[in-house]
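**Q** model this:
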Amino acid sequence: MHQIITAKLKLHTNTEQTLLLREVSLAYRDALNYTSQRNFENGKSANGTKIQKLVYLDLRSKFSLPSQMACNVPRQVGATYKGLLTKLKQNQEAIKKGKTKKKFKGLDQAPKYVSRTCNLNYLRDFTFKNNQQVSLITLKGRIIVNYSGYNKHLELIKKGSRIKGAKIYYSKPTKTYYLLVSLQIELPELKPTDLKQTVGVDVGRRFLAVTTDLNNKSQFFSGKEIIHKANKYQRARKTLQQKGTRSATRRLVALSGRERRFTADTNHKISKQIIKPNTLFGLEDLTHIRERTSPKRKGKKASKKPKKAQRKQAKWSFAELHFFLDYKAVFVKSLAIKVDANYTSKMCPKCGHVSDNNRPNKGLIFHCEACNFELHADLAASRNIALRTLLFRQDWERTGILSVCPDVSNVEAKAERLDRYSELRWSSDTSPRLLVREAMGS
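**A** Sure, this is the predicted structure:
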């Protein structure tokens, strides 16, 4: 079992080294834009090898890129086009099904690259030296630069962790170059017996996360502060966009970075409080959740409310929180898996009844119309997630195979799992005890 992390190393460059890094990063960016335009004009291919044959000689002669960089540029452009083509295909399918009328415009013109970055290959474009030094390739040969970083990351590099690749990154506010290095860390394989607890994690916007374990110990993380901040930034953004000056544009860029850092910091703090050792965490599979739950606009009078709801939905950073939980769990001998998100907020954790009426007005109170069980809606959802996570764990113990993400492509398999979920029970609010069918062997 291995985990990949990114070590952020600050490069301590002198004036000459800074100019050399600036030169190579700008040339790499210009090469990306040139390759993107050529690929756009020649069929919008996502095949890196095909793109390389088209532009390799030009990248070497026009931009003076080293051979490995001239290979990295077409691969990066191909990956960009692959993502955009996938979105275009999904959009066309959604239009055919009548789910949307909005056309995807990501490929109406060639994608442009703005960031001053540069992808590097280990042992070819960069190598680590003793005394916290790194050798970096430039357009005029190699340079040796001192670096610093997080102590744990520095220790991993010294111990010889497997290095996958790196990227030169330039920070405009601090006018500093960084080296972002991918490290692969080998970790011991986990067994079901190593995970002593099971925890369900429900994510949302009013409460960013609600967790509960099988002993009914719960945690609530309010999203009030982050919503307040998002509304504050939105008002400032609207004012600056109406102004439209160059200084307003610069201010918009600064605000977006500040908001992004605040959101990431909040998710880091929440994930740090949630993660516990020797625990199996269940997360909802929320793939394409925005497309499935996008508010519908009805007339001009209702235009402001759906627009506000869409803005809140766009700012919902559940994927980032899931990512932080996933990679932090393995370092404390825990594991995070994804379970079906279907009806977690509409299913009664006590009797298994599913109905839209269990959430009156989609509020924070869950009231089961079948058994009159009442609970906080997000807590009820986290209980359902914990139950489904337990089911995955039981299958893991029985078969020896763990699926970290459910396959929702098969309709029959999905229906079978939902049927099994309905048979799970949370016995009571005050003394929770899990009851499952005898066929599961527990």
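**Q** for the stretch 251-400 of the chain, which segments are assigned as helices?
**A** Secondary structure of the stretch 251-400 of the chain (DSSP state H, counting those that start in this stretch): helices at 289-293, 304-314, 318-329, 377-399.
**Q** neighbouring contacts of the third one?
**A** Residues outside helix 318-329 that contact it (CB atoms under 8 Å, 6 or more residues apart in numbering): 3, 5, 201, 203, 208-209, 263-264, 267-268, 270-272, 274-275, 279, 281, 283, 286, 289, 335-336, 338. The way it works is simple: take the backbone N, C-alpha and C, and place the C-beta from them, glycine included.
**Q** just how off-centre is it within its chain?
**A** Its chain's C-alpha centre lies 7 Å from the corresponding centre of helix 318-329 when counted by CA atoms, centre = their mean, to the nearest Å.
**Q** for that helix, buried residues please.
**A** Taking 16 or more other CB atoms under 10 Å as the neighbour-count basis, helix 318-329 is seen to contain the buried residues Phe318, Glu320, Leu321, His322, Phe324, Leu325, Asp326, Lys328, Ala329.
**Q** nearest to Ala248, out of the helices of the stretch 251-400 of the chain?
**A** For the helices of the stretch 251-400 of the chain, proximity to Ala248 was assessed by CB to CB; helix 304-314 is nearest, at 19.8 Å.
**Q** next one: the nearest residue to Lys140 once chain neighbours are set aside from Gly141, what distance?
**A** Nearest residue to Lys140, sequence neighbours excluded (CB to CB, 6 or more residues apart in numbering): Leu20, at 6.3 Å. The span separating Leu20 from Gly141 equals 9 Å under the rule CB to CB, to the nearest Å.
**Q** who's more crowded, the two?
**A** The neighbour comparison of Leu20 against Gly141 (other CB atoms under 10 Å) goes to Leu20, with 21 against 8.
**Q** from what I see, the more buried one and Arg142 are in contact.
**A** No: Leu20 is beyond contact range of Arg142, at 9.7 Å (criterion: CB atoms under 8 Å).
**Q** about what we covered before: quick check, nearest of the buried residues of helix 318-329 to Lys152?
**A** Out of those, the member with the shortest distance to Lys152 (by CB to CB) is Lys328, at 12.7 Å.
**Q** report pLDDT for Thr49.
**A** Looking at Thr49, its pLDDT is 95.
**Q** who are the packing partners of the helix or strand it falls within?
**A** Secondary structure assigned from DSSP states H and E places Thr49 in helix 48-62. Counting contacts by 3 or more CB pairs under 8 Å, 6 or more residues apart in numbering; DSSP states H and E, the secondary-structure elements packed against helix 48-62 are helix 15-41, helix 67-96.
**Q** touching that helix from outside, list them.
**A** Helix 48-62 is contacted by residues 31, 34-35, 38-39, 42, 45, 65, 67, 69-71, 73-75, 77-79 when judged by CB under 8 Å, 6+ apart.
**Q** what's the ChimeraX line that selects buried ones from those?
**A** Command for ChimeraX that selects the buried part of the contacts of helix 48-62, burial taken from 16+ other CB under 10 Å:
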select :31,34,35,38,39,45,65,69,70,71,73,74,77,78
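**Q** let me see the contact set for the residue nearest to Cys368 when sequence neighbours are not counted.
**A** Counting by CB to CB, 6+ apart, the nearest residue to Cys368 once its immediate chain neighbours are dropped is Cys348, at 4.0 Å. Residues counted as contacts of Cys348 (CB under 8 Å, 6+ apart) are Val354, Asn358, Phe366, Cys368, Ala370, Cys371, Phe373, Ala380.
**Q** how does the chain divide into domains?
**A** Structural domains annotated on the chain: 2-186, 192-440, as defined by automatic domain parsing.
**Q** re the thing from before, now do the residue nearest to Lys140, the pLDDT please.
**A** Among the per-residue scores, Leu20 shows a pLDDT of 96.
**Q** and it, how close does it get to Val73?
**A** Separation of Leu20 from Val73 (CB to CB): 19 Å.
**Q** Arg162 too?
**A** Arg162 sits 25 Å away from Val73, going by CB to CB.
**Q** where's Asn146, which helix or strand?
**A** With DSSP H and E as criterion, Asn146 is part of strand 141-149.
**Q** and the helix or strand following that strand, what does it pack against?
**A** Of the helices and strands lying after strand 141-149 in sequence (DSSP H and E), the nearest is helix 151-158. The helices and strands touching helix 151-158, judged by 3+ CB pairs under 8 Å, 6+ apart, are strand 2-12, strand 176-186.
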